[in-house]
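Asks: quick one: sequence and predicted model below, then my questions.
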Amino acid sequence: HFEQMLQHRDGIEQSLTETRGHLDKLHQEITRTLEKIGSREKYINNQLESFLQEFRAMQDQLAQAKEKYREGSGGVTERTRELSVITEELEQVKSEMEERGTSMTDGTPLVKIKQALTRLKTEMTQMDIRMGVVEHTLNQAKLKDKSAMQRDMNKPVSNEQY
């Protein structure tokens, strides 16, 4: 067993040596690649720095424009609401004016007034006739009373009444 362990140990050391060489080589390649990437990144950053500054400036301008738009749209919304209220009032006034114009040109009320006046005149005439009949009847009654009173006065007075 001991010999077997030594054989395995020798195999592991040999594999370790080979693997360590491969790993060192791989480490060096990775290090070189990372250095190349770092230098390319610095180069690209230097090349794009002016574009990046321009992009940031444009983002600031966009933010300012959006803020102005929000402020402006708030004013527009308020004015739109005011316009709606004024338009509603204007429509109401137009409707009233149209109604007044229609009633002024419409002869119906005038015709009704004339008809009412005609009826009143007719009723007044009828009332005058009735008043005349009542007055005539009253005068007739007064005349009858007066003539009855004169007959009574002209009648001889008898003692029987006293």
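Replies: Okay, I see it.

Asks: for this protein, which segments count as helices?
Replies: For the chain, the helices defined by DSSP state H cover 2-105, 108-154.

Asks: can you pull the phi/psi pair for residue 155?
Replies: Phi and psi for residue 155, reported as degrees, to the nearest 10, are phi -70, psi 140.

Asks: tell me the spacing between it and residue 144.
Replies: Taking C-beta to C-beta, to the nearest Å as the measure, residue 155 falls 16 Å from residue 144. For the C-beta atoms, the positions are set from N, CA and C on the backbone; glycine is no exception.

Asks: and for residue 69?
Replies: 107 Å.

Asks: which residues touch residue 11?
Replies: Not one residue lies near residue 11 by C-beta atoms under 8 Å, 6 or more residues apart in numbering.

Asks: give me the pLDDT for it.
Replies: Residue 11 carries a pLDDT score of 87 in this model.

Asks: and for the one 10 residues further on?
Replies: Residue 21 is assigned a predicted lDDT (pLDDT) of 88.

Asks: relative to residue 72, how far out is it?
Replies: 71 Å.

Asks: equivalent analysis for residue 140, please.
Replies: With C-beta to C-beta as the criterion, residue 140 and residue 72 are 98 Å apart.

Asks: repeat that for residue 117.
Replies: 65 Å.

Asks: for residue 149, same thing?
Replies: When residue 149 is compared with residue 72 (using C-beta to C-beta), they lie 107 Å apart.

Asks: then residue 142?
Replies: Relative to residue 72, residue 142 is positioned 98 Å away (C-beta to C-beta).

Asks: now do residue 125
Replies: Counting by C-beta to C-beta, the gap from residue 125 to residue 72 is 78 Å.

Asks: and residue 59, by the same measure?
Replies: Shown here: residue 59 relative to residue 72, a distance of 20 Å by C-beta to C-beta.

Asks: what is the neighbour count of residue 71?
Replies: Residues lying near residue 71 (other C-beta atoms under 10 Å) number 10.

Asks: show the contacting residues for it.
Replies: Going by C-beta under 8 Å, 6+ apart, the list of residues near residue 71 is empty.

Asks: for it, report the pLDDT, please.
Replies: In this prediction residue 71 is given a pLDDT of 82.
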